[in-house]
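Peer 1: Quick one, what's the 3D model for this:
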Amino acid sequence: MDDKQKIESGVQLYFDSMYESSPEKVRQAFHPDAKITGYLQGKLSEMNVEGFASFVESQNPSPKEKGDEIFLEIVSCDISGSTASVRVRDAYIGLVFLDTLSFLKVNDQWVIYNKLYHVES
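Peer 2: Numbers count the residues shown, from 1 in each chain. Okay, the predicted model is just below:
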């Protein structure tokens, strides 16, 4: 698997973590020091990985259990050495997000180091 495919797998793991309300998959997808930041309902929200894992886990029943439609689109992927910036559009908790995911290659594994999100609708 080349780097682009590994990053795409990381994006899928990230999406699956939310779709399945899986805190374990959140921890797999993100670097332990990652930050998740954006504006939700007009207020700045900043979380660490454990906070985001708890938020994801609290969505019960999960979007998968509710039968929510899957919407995940990789808008762009720019790889520079052991870093990458990926823009992703996805549907989650009734909203469409545009996420900027900063990936870092650690021990040949690509993990999300930071997530900035924007609510589109």
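Peer 1: Quick one: neighbours of residue 88, just the number.
Peer 2: Residue 88 has 20 neighbours, counted by other CB atoms under 10 Å. Quick note: C-beta positions are derived from backbone N, CA and C, even for glycine.
Peer 1: what about it, which SS state?
Peer 2: Three-state assignment for residue 88 (DSSP: H, G, I helix; E, B strand; the rest coil): strand.
Peer 1: is the closest residue to it other than its chain neighbours in a bridge, and if so with what?
Peer 2: Once its chain neighbours are removed from consideration, residue 88 has its nearest residue in residue 99; the separation is 4.6 Å (CB to CB, 6 or more residues apart in numbering). The residues listed as beta-bridge partners of residue 99 by DSSP bridges are residue 88, residue 117.
Peer 1: need the contact list for residue 99.
Peer 2: If a contact means CB atoms under 8 Å, 6 or more residues apart in numbering, then residue 99 has 87-90, 115-118 as its contacts.
Peer 1: Of these - the most surrounded one?
Peer 2: Each of the contacts of residue 99 was scored for neighbours by other CB under 10 Å, and residue 115 scores highest at 23 neighbours.
Peer 1: can you list contacts of whatever helix or strand that one lives in?
Peer 2: If you go by DSSP states H and E, residue 115 is part of strand 109-119. Counting by CB under 8 Å, 6+ apart, strand 109-119 makes contact with 3, 6-7, 9-10, 14, 29-31, 33-40, 84, 95-104, all of which sit outside it.
Peer 1: Please compute how far the longest helix seen in the chain lies from its chain's middle.
Peer 2: Ranked by residue count and defined by DSSP state H, the top helix of the chain is helix 3-19. Here the centre of helix 3-19 is set off from its chain's centre by 8 Å, with CA atoms, centre = their mean, to the nearest Å.
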